[in-house]
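Undergrad: okay, structure incoming, though there's no sequence with it:
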């Protein structure tokens, strides 16, 4: 091991006395200490960075899970319907031939999707769910002049909604037109939804 001594000479100008101070440095020890400090700092930075990434990833995963839980009660989330005295009341004039209008009604902790459509001049209403594919909570979407089950891809011409295709058919939601409005009691929507959830035939 190499040792280097530094000698400082001190003179008082009269006595010419010499005093020596010796400082011994060990280069390998200093080098090892320096490397250790740098490694510790690097490890600490890496650990903190990994922790930050893990926290961000966990927050994103939680947000996505929460979004899925909130938005998937019944298919997609649509505009809330107008409700008056416990009854959904939609202006009939706003419902065009063969153009389903989708709504989402919040009842308790559920968000229940349904739609109203005019077929051959007559208004009909259905849950945004079918008997077979309901558990997947995908609902329907409009594809030209047909309605498509998002999960299984089955298409129904608008005029054949009541019959559907096998067990994959829309769930009928009882309602009726009075004057210039199409009315569906909120209680009817709740009961129909609960019956579907319980597996009852509708």
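TA: Looks like it came in fine. These figures come from a predicted structure and were not determined experimentally.
Undergrad: my guess is residue 130 contacts residue 171. True?
TA: Yes - with contacts defined as C-beta atoms under 8 Å, residue 130 counts as touching residue 171 at a distance of 6.6 Å. C-beta coordinates here come from the backbone N, C-alpha and C atoms, glycine included.
Undergrad: between those two, who's got more neighbours?
TA: Remark: of residue 130 and residue 171, residue 130 carries more neighbours, 28 against 18, as counted by other C-beta atoms under 10 Å.
Undergrad: which SSE is the closest residue in space to residue 81 that isn't next to it in sequence in?
TA: Of all residues not flanking residue 81 in the chain, residue 103 sits nearest, at 4.0 Å (C-beta to C-beta, 6 or more residues apart in numbering). Per DSSP states H and E: residue 103 is located in strand 101-107.
Undergrad: quick one: mean pLDDT for that strand?
TA: Strand 101-107 shows an average pLDDT of 95 in the prediction.
Undergrad: can you check stretch 148-166 too?
TA: Averaged across stretch 148-166, pLDDT comes to 84.
Undergrad: show me which residues of it are buried.
TA: 148-151, 154, 156, 158, 161, 164 (16 or more other C-beta atoms under 10 Å).
Undergrad: just the residues contacting that stretch, thanks.
TA: Contact with stretch 148-166 is made by 75, 98, 100, 117, 119-120, 124, 126, 130-133, 136, 138-143, 145-147, 168-170, 172, as judged by C-beta atoms under 8 Å, 6 or more residues apart in numbering.
Undergrad: in strands only, show me these.
TA: Per DSSP state E, strands hold the following members of those: 117, 119, 124, 126, 130, 140-143, 146-147, 170, 172.
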